[in-house]
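1. What shape does this take:
(chains A and B)
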Amino acid sequence: MNKNIIKSIAPSVVSVLAGLLIGAVIILFNGENPLSVYFAMLVQPLSSYKNILNVLYVITPLIMVGLAFVVAINADMINLGLEGQLLLGGIAATYVATLFPALPWFIYIPMIMFCAMIVGALWALLPGYLKLRFGASEIVTCIMLNYVAQYMINYIISGGLFKHPDIAQRTPYILDNAHFPSLSEIGMNHGTKIFRGVQVNPMFLIAIVTVVLVYILFTKTKWGYKINAVGLNIKASTANRMHSKKIMMLAMALSGGIAGISAMGEVLGTFNGFVEGFSPGYGFSGISVALLGRKHPVGVVLAALFFGLLNQGMIYVGANTSIPKDFVKIIQTLIIIFIMISPYLEERWNSYVKSRTKARAGRLG
Amino acid sequence: MEYLLELKNITKRFGDLVANDKISIKIRKGSIHSIVGENGAGKSTLMNVVYGLLQPDDGEILFDGKKVDFSSPLEAIDTGLGMIHQHFMLVPVMTVLDNIIMGYEIGSFKLNRKKSKEELKPFFKSFGLSEDLFDTKMADLSVGIQQKIEIIKALYRQAELIIFDEPTAVLTPQEIKEFFVLVRNLNNNGKTIIFISHKLNEIMEISDEISVMRNGHLVGHVNKEDVTQDQLAKMMIGRDLSEQRITYVENNNEHVMEVTDLVTPVKLGSVGLKKLSFSVKKGEIFGVAGVTGNGQNELVNILVGIEKPLSGKVVVEGHDVTGVPPHKRTDSMAYIPEDRQSEGLVMPFTIRENLLLGKVDLPQFIHHKIMLDFKNIDENANNAIKDYSIKVSKGPSDPVHSLSGGNQQKVIVARELSNDARTILAVNPTRGIDIGSIEYIHSCILLEREKGKTVLLVSNELSEIMALSDRVGVIHDGRIVKVFDNTDRLTKEEVGYYMLGGKEEDYAKEAANV
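-> Numbers count the residues shown, from 1 in each chain, chains lettered A, B, ... in the order given. All right, here's what the predicted structure looks like:
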């Protein structure tokens, strides 16, 4: 394998192993066998083809928000507002998906997703603008805007935009021609029950296409080049006649746009509308995914796979071991802590290797 | 113990590049030892190894006869080393006193500044500095004084061996003279000095012994008495140095760059511009000479378009570009910035990506409207590497941070000069790089003038201005106070006099007295 690839994934692999190792100690203190816990956590979610397909369902939003974070961070913008962008994109999609019963799905669904992207992008442009115009830290404004988004949605659902007297905490159902059928439904429609209970839907394919597009954007196009240049050295980019602020706004808009459609699999698929609290904080998981994935599109997929696996594993840990299922969250947190301190560990490791080789050379000489 | 510092077979590699190849140097106690070499010769790397900033891959260091292994500058300082970096390690917003005692504060909880002051008084006295300076902010002091504070800092930490890294780069001719007196005093008081420079006349003036480096190797060690400046230059670059002096081009009256009455506010650490005006004629090299901090930064920022003046006007190639941000500029001005790492290059990028900066929209690098054309981009990079003899380890995909300072500078020069620019703004284009690269970049600038391009050269290096310019404008206190034709009769002293704020009417008197 290429030396550079090893070098770039090593911190993630080491962080995962270190997280699992410390997790094992915690398990031992609780009088349980780490191997059986990890078996429940990492292997049982993959124990059948249905389970495997459901892991793909779980990772779909994680991949999307991970990519969204990567796009912004490459322009040196820390988009912590993914959650708000995702929620507002979801509510916008839901609204549009209740309007036009006569449109064919292949026009209607792209249209819905486009609207969700626009809303997510606009919501991300707000902190972008506040930073570039007034110098307000996007970290703070993004987090604050998450709350604003949340309360806006509470208002919208409880009567602002939708009238739904029956069930309080959700919108009405979306139209059939706006629905993402799950693999289970598709199977049923074709008279087979082999996919019964499999929730993965076409949004997964859209996520994979997005991965490829983001990869191409940053490695093969001039816009990706510009975003990288501005993100790495805004002064040099500006001096070389780039419109740095515009490029940063573009990256923010793109990031928000991707975040805006992150939850389409849930909104247009599983829930057929917007259910309050449906997101377990996908927006924040996106940050973890992007960091563990070393800010690379392919890395994001791998990291999302791992976190998705852990999320599914929670159920089995809770059911089959004496360890509570929330233990999985401890593991996730440990891994993120390790990935955050990995630059320091990397440096220590390099100097250790150097002193070892020096000592060996000394002995031989 | 005859030698204070002994380096034995020091080897330092960066990837495939060998920056120091088995360097052995002995520094005699109480001597002034110069280390000279071209940009990229490995001088700075070697000193960083000595000072504990870098760890050698091989070899050993003896200090006062004992083997030492510094893992950080802290240990080096405790052992008795001091280093005066080219870019001072000072905190501008803190006072002089706080800067000096930083890390060596007296008092277990409450800072005992009074005692520190008492301890420092003798130092200040011997340097001829007033005690009032203790409470002055660092940013309010001239570069020459800041350097003295750096030296006091090293002495206060009881340095026996003081390393000066290109110490004169930031000083005026007058300040340099003062600096040399100071170094001699230190030396007479028993301090051992390592002096790193590429300025041969200074080396010949100050050194006892000279070590010459080239391409990561030690190519010679001589006593000052046994060598001439020309021999030294030859050792350094491996060939003869061509002397250059410009012939003044004939007058023409087409002004390609006109700067009229620029005014900027006075800010901390800068004098601001006070109705600064000058104009550059087509096809000439116009040098702006001056002591750092007399308005050069503001002038350059306005010319580039990243700062707006309060009033005044800048016209380049017939376009009014006053306050026009860079991305909206319609003129063709190329820009070689002063600080290559922060303004000229994207350090984590590769060579070919850096060569693309500002050119990514050009049709030859793009296909299908937005896709990068890597074949042409690579070809462009390979040509630049060849045309500007950039020393690389693999090729266009080398990260630019793996190059030496001089080669990084060549990347910028290659990028900017291969534009179809009709005007060029070069700001300290050879700062901190070695003779070979300096000579090379100078020849590039001259070649551009041969092609009929117009160059505005802003430099702190008076000899650079004198060597290249057709006309010299002197900037002082936010104004161009004097413009000379650069004839053979013009002397450094005359220009230097105006740089320090001398008045026209006084110059004749002054000259008569000498």
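
2. Now for residue 266: which residues touch it?
-> If you meant another chain, say so; for now it's chain A. Residue A:266 sits next to A:61, A:90, A:278-279 when contact means C-beta atoms under 8 Å, 6 or more residues apart in numbering or on different chains. Every C-beta, even on glycine, is put in place using the N, C-alpha and C of the backbone.

3. actually it's chain B I care about, not the one you picked
-> residue B:272.

4. OK, contacts around residue A:347?
-> Shown in contact with residue A:347 (C-beta under 8 Å, 6+ apart): no residues.

5. which SSE is it in?
-> Per DSSP states H and E, residue A:347 falls inside helix A:327-364.

6. Report the distance from that helix to the chain centre.
-> Helix A:327-364 has its C-alpha centroid displaced from the chain centroid by 27 Å (C-alpha atoms, centre = their mean, to the nearest Å).

7. and it, what's its mean pLDDT?
-> Average pLDDT, helix A:327-364: 83.

8. which stretches of the stretch 51-200 of chain B aren't confidently modelled?
-> Low-confidence segments of the stretch 51-200 of chain B (pLDDT under 70): B:170.

9. Show me which residues of it sit near chain A.
-> For the stretch 51-200 of chain B, the residues in contact with chain A (C-beta under 8 Å from any C-beta of the partner chain) are B:55, B:57-58, B:71.

10. same check, this time on chain B
-> Counting by C-beta under 8 Å from any C-beta, the positions of chain B adjacent to chain A are B:55, B:57-58, B:71, B:304, B:306, B:325-327, B:329, B:335, B:337, B:342-349, B:353, B:356-358, B:360-361, B:365-366, B:370-372.

11. Give the next helix or strand downstream of the strand or helix carrying residue A:146.
-> Remark: residue A:146 resides in helix A:138-155, with elements defined by DSSP H and E. Using DSSP H and E, the helix or strand that follows helix A:138-155 towards the C-terminus is helix A:183-189.

12. List the contacts of that next one.
-> Residues contacting helix A:183-189 (C-beta under 8 Å, 6+ apart): A:53, A:181, A:193-201.

13. And that helix, how far out from the chain middle?
-> Taking the mean of its C-alpha atoms, helix A:183-189 sits 26 Å from the chain's own mean (C-alpha atoms, centre = their mean).

14. Buried residues, that helix. List them.
-> Buried residues in helix A:183-189, counting neighbours by 16 or more other C-beta atoms under 10 Å in any protein chain shown, are found at A:183-185, A:187.

15. Closest one of the residues you listed to chain B?
-> residue A:183 (34.9 Å; C-beta to the nearest C-beta).

16. what does the model give the closest one for pLDDT?
-> The model reports residue A:183 with a pLDDT of 92.

17. What about residue A:228, how many residues nearby?
-> By the criterion of other C-beta atoms under 10 Å in any protein chain shown, residue A:228 has 22 neighbours.

18. just checking, it touches residue A:74?
-> Yes: at 5.7 Å, residue A:228 and residue A:74 qualify as touching, with contact defined as C-beta atoms under 8 Å.

19. Which residues are in contact with each of those two?
-> Common neighbours of residue A:228 and residue A:74 (C-beta under 8 Å, 6+ apart) are residue A:218.

20. Identify the residues contacting whichever residue of the stretch 301-450 of chain B sits closest to chain A.
-> For the stretch 301-450 of chain B, the residue closest to chain A is residue B:358, as judged by C-beta to the nearest C-beta, at 3.1 Å. Residue B:358 is in contact with A:240-242, B:415, counting by C-beta under 8 Å, 6+ apart.

21. Tell me which two of the residues you listed sit farthest apart.
-> A:242 and B:415 (13.7 Å; C-beta to C-beta).

22. the more surrounded of the two?
-> When residue A:242 and residue B:415 are compared for neighbours, residue B:415 comes out ahead with 25 against 22, by other C-beta under 10 Å.

23. hang on, the more buried one in a helix?
-> Yes: checked against DSSP: H, G, I helix; E, B strand; the rest coil, residue B:415 lies within a helix.

24. I'd say it and residue B:359 touch.
-> Yes: counting by C-beta under 8 Å, residue B:415 sits close enough to residue B:359 to count as a contact (7.5 Å).

25. C-alpha coordinates for stretch A:221-228, CSV please?
-> In CSV, the C-alpha atoms belonging to stretch A:221-228 read as follows (Å, rounded to 0.1, in the frame of the first residue of the first chain):
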residue,chain,number,x,y,z
THR,A,221,-11.8,20.6,-10.4
LYS,A,222,-10.7,24.2,-10.2
TRP,A,223,-13.4,25.0,-7.6
GLY,A,224,-12.0,22.3,-5.2
TYR,A,225,-8.6,23.7,-5.8
LYS,A,226,-9.7,27.2,-4.9
ILE,A,227,-11.5,26.0,-1.8
ASN,A,228,-8.4,24.2,-0.7
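
26. Specify the local secondary structure of residue A:113.
-> Three-state call for residue A:113 (three-state DSSP): helix.

27. Now do the contacts for the closest residue to it other than its chain neighbours.
-> Counting by C-beta to C-beta, 6 or more residues apart in numbering or on different chains, residue A:113 lies nearest to residue A:261, which is 5.1 Å off, once chain neighbours are set aside. By C-beta under 8 Å, 6+ apart, residue A:261 lies in contact with A:64, A:89, A:93, A:113, A:116-117, A:120, A:206.

28. Residue A:139 against residue A:76, yeah?
-> No: between residue A:139 and residue A:76 there is no contact under C-beta under 8 Å: 11.9 Å.

29. which residues of the stretch 1-150 of chain A fall in strands?
-> For the stretch 1-150 of chain A, strands defined by DSSP state E, counting those that start in this stretch do not occur.

30. Where does the prediction get shaky in it?
-> For the stretch 1-150 of chain A, the stretches with pLDDT under 70 are A:1.

31. need the contact list for the single nearest residue of chain A relative to chain B.
-> The nearest approach of chain A to chain B comes at residue A:240, 3.1 Å away (C-beta to the nearest C-beta). The contact partners of residue A:240, taken as C-beta under 8 Å, 6+ apart, are B:326, B:357-358.
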